[in-house]
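Student: Okay, here's the prediction I keep looking at, along with the sequence it came from:
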Amino acid sequence: MNDTCMTNRRRLVASIGATAVMSVAAPSLLRAQSKRTIRLAHHLPIQSEQHAAAENFARKVAGASKGAITIQILPASQMGGQREIIESVSIGTLDMGFGESGLYANYVPEFGVVALPYLYRDFDHWKKTVDGEVGASLAASLEKTANIKIVNWMVTGYRYTYLRGKPITQPGDFKGLKVRLPEAPVFVKTFAALGAIPTPIPAPEMYAALQTGVVDAMEGTAEAAYTFKIYDVTKYLSMTRHILLDGSFAISNSLFAKLTKPEQELILKAAQDAAVEQRAQHFEREKAALAKLTGEGKMQVNEPDLKPFVDALASVQNDFATASKGMDVLGRIRKL
């Protein structure tokens, strides 16, 4: 064989080898270059701390993935109220959403125990609950039952009462009042026990419900009341602090299972880091929201003695936990 033939043969072998290597490497290369968009919806205005947390989460994901994963935020009830958003996550038609324990109780009844009235001694007690074994076991049940995976725990905060007619000074003042509240069993039980008429209404509709007199009052956090401009349709803010509520970003487990291990770890870390920062900022944001609600004579505020309310709702804890098969959860929380 002459030198020319040998050279051509070597070139052919080299070409075949290079093609084989590229064929093997191509799928990995395509996976590395592919981009993914994850849609995250919530029901709150863009001025809310939950939206700020979503933006922070999106930035962290974009940075850690070097732009390969984009979190597309759909705020302000673009995908419906909170119940509709979480239902969509559960069935897999929406990637991620913002939820709360009271709502998760629609899938795992004992989840509502986490949102019982006057359950926590203080904020540290709440943190031990959601960050510990109780939070982990409830999240695992939700994942198994509803295809919803909680990726972090944020604090939504203490909830107060906003009224059109007169302030709340004692538990009996709730009797006969139509109170707007979330579409969650624990809230219904709590206000029914106070003699109120619980009226579940999605957040986007609560302003109109108060304005038209469909309800006499609503309950919620200070920031939610401010961002939804509830001060325009109510006169009184009673600081009942009846529930200290969590919040969380949740992802469809169907989607999460399709992510690569590095992608899963990236999403979890970004979500948990965003939650740490949200918690650190929460109480300053609440303080600012309360100042805005009561500033310039917008609302009259009162701080009732809470002991009568604690006493009036004491039976709700055991009754709700028993009915939801959550006495074990309640017992573990009380021991923390």
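Tutor: Structure's in. What do you need?

Student: Counting neighbours, what do you get for the nearest residue to residue 266 once chain neighbours are set aside?
Tutor: Using CB to CB, 6 or more residues apart in numbering and skipping residues adjacent in sequence, the residue nearest residue 266 is residue 64, 4.9 Å away. Where C-beta positions appear, they are placed from N, C-alpha and C, glycine not excepted. When neighbours are counted by other CB atoms under 10 Å, residue 64 registers 18.

Student: Might one say that residue 64 is in contact with residue 268?
Tutor: No: taking contacts as CB atoms under 8 Å, residue 64 lies outside contact range of residue 268: 10.8 Å.

Student: Name the residues contacting each of those two.
Tutor: Taking CB atoms under 8 Å, 6 or more residues apart in numbering as the criterion, residue 64 and residue 268 do not both touch any residue.

Student: Verify the stated contact: residue 105 with residue 183.
Tutor: No: between residue 105 and residue 183 there is no contact under CB under 8 Å: 10.5 Å.

Student: Between these two, which has more neighbouring residues?
Tutor: Higher neighbour count among residue 105 and residue 183: residue 105, with 24 against 17, using other CB under 10 Å.

Student: What values do phi and psi take at the more buried one?
Tutor: phi -60, psi -20 (degrees, to the nearest 10).

Student: Could you do residue 131 as well?
Tutor: The phi/psi pair for residue 131 (degrees, to the nearest 10) is phi -90, psi -10.

Student: State the pLDDT value of residue 297.
Tutor: The model reports residue 297 with a pLDDT of 80.

Student: re the thing from before, how about the residue nearest to residue 266, what does it touch?
Tutor: By CB under 8 Å, 6+ apart, the contact list for residue 64 reads 266, 269-270.

Student: cool, and residue 160?
Tutor: Residues near residue 160 by CB under 8 Å, 6+ apart: 219-222, 225, 237-242.

Student: make it 6 Å
Tutor: Going by CB atoms under 6 Å, 6 or more residues apart in numbering, residue 160 touches 239-240.

Student: do the same with the one 4 residues further on
Tutor: The neighbourhood of residue 164, defined by CB under 6 Å, 6+ apart, consists of 216, 234.

Student: what ranges of the stretch 51-200 of the chain fall below the confidence cut-off?
Tutor: For the stretch 51-200 of the chain, no stretch is flagged by pLDDT under 70.

Student: As a check, name the ranges of all strands in it.
Tutor: Ranges of strands in the stretch 51-200 of the chain, per DSSP state E, counting those that start in this stretch, are 69-74, 96-99, 148-150, 154-158, 160-163, 178-181, 197-200.

Student: ok but residue 320 is inside a strand, no?
Tutor: No: Residue 320 sits outside any strand when classified using DSSP: H, G, I helix; E, B strand; the rest coil, being helix.

Student: can you tell me the helix or strand for residue 316?
Tutor: Element membership for residue 316 (DSSP states H and E) is helix 307-323.

Student: buried stuff in that helix?
Tutor: 309, 312-313, 316-317, 320-321 (16 or more other CB atoms under 10 Å).

Student: And the contacts of it?
Tutor: With CB under 6 Å, 6+ apart, helix 307-323 has contacts from 113, 116-118, 170-171, 189-190, 193, 327, 330.

Student: Which members of these are classed as buried?
Tutor: Buried among the contacts of helix 307-323 by 16+ other CB under 10 Å: 113, 116-118, 171, 189-190, 193, 327, 330.

Student: Can you list which of those residues are found in helices?
Tutor: 189-190, 193, 327, 330 (DSSP state H).

Student: how close does the residue nearest to residue 266 get to residue 89?
Tutor: Distance, residue 64 to residue 89, using CB to CB, to the nearest Å: 22 Å.

Student: I'd say residue 221 and residue 157 touch.
Tutor: Yes: in this structure, residue 221 is within contact of residue 157 by CB atoms under 6 Å, at 4.6 Å.

Student: distance of the closest residue to residue 242 other than its chain neighbours from residue 158?
Tutor: Sequence neighbours aside, residue 117 is the residue nearest to residue 242 in space, at 4.9 Å (criterion: CB to CB, 6+ apart). According to CB to CB, residue 117 and residue 158 sit 11 Å apart.

Student: cool, and residue 282?
Tutor: Distance from residue 282 to residue 158, by CB to CB: 10 Å.

Student: next one: residue 36
Tutor: Taking CB to CB, one finds residue 36 at 37 Å from residue 158.

Student: ditto for residue 211
Tutor: From residue 211 to residue 158 the distance is 25 Å (CB to CB).

Student: Which one's more surrounded, those two?
Tutor: Neighbour count, other CB under 10 Å: between residue 211 and residue 158, residue 158 has more, with 18 against 14.

Student: Brilliant, that's me finished.
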